[in-house]
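*Asks:* Sequence first, predicted coordinates after that:
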Amino acid sequence: QVQLVESGGGLVQAGGSLRLSCAASGRTFSIYAMGWFRQAPGKEREFVAAISRSGGSSDYADSVKGRFTISRDNAKNTVYLQMNSLKPEDTAVYYCAADGNGRNWYQVLKGGMDYWGKGTLVTVSS
């Protein structure tokens with residue numbers, strides 16, 4: 001099993017920045033792609049960003065392209081989400097997720113992950 005713990009959420013003004021972290025523990029050797037998803041109040045969970053096992057490939061939702069950057073440090077079993085130029089519509093609970101089965105990229109982007117964190121709340125005030 002793999003455990004994921006997010007941190008770094010909080011309250012920030014529009015235009016500000018936050019950096020989310022997700023620390024993995026347990027059978028970390030079994031982790032392939034990792035990603036961030038978010039769920040705003042009253043809305044369905046949506047894809048934000050994903051990164052391949054090596055870190056060589058990444059993908060972003062159109063709504064965050066150019067503002068968010070995903071990265072990972074495999075030596076520390078940690079994935080990050082740097083969020084800049086935050087907008088009120090970025091307000092949501094952000095979840096870290098990991099693929100433990102080597103799924104194809106399309107499945108990863110659609111949330112076909114095996115492990116999920118409990119989430120961290122990001123609130124952007126206008």
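*Replies:* Cool, the structure landed. Residues are numbered from 1 along each chain as shown.

*Asks:* What segments of the chain are helices?
*Replies:* 105-109 (DSSP state H).

*Asks:* Quick one: find the helix or strand in it with the lowest mean pLDDT.
*Replies:* Lowest on mean pLDDT, DSSP states H and E among the helices and strands of the chain sits helix 105-109, with a mean of 88.

*Asks:* So what touches it?
*Replies:* Counting by C-beta atoms under 8 Å, 6 or more residues apart in numbering, helix 105-109 makes contact with 33, 35, 47, 50, 52, 57, 59, 99, all of which sit outside it. All C-beta spots, glycine's among them, are computed from the backbone N, C-alpha and C.

*Asks:* How far does stretch 24-34 sit from its chain's centre?
*Replies:* Centroid separation between stretch 24-34 and its chain, computed with C-alpha atoms, centre = their mean, to the nearest Å, is 14 Å.

*Asks:* mean confidence for it?
*Replies:* Taken as a whole, stretch 24-34 has a mean pLDDT of 91.

*Asks:* got the end-to-end distance for it?
*Replies:* Terminal residues of stretch 24-34 are spaced 10 Å apart (C-alpha to C-alpha, to the nearest Å).
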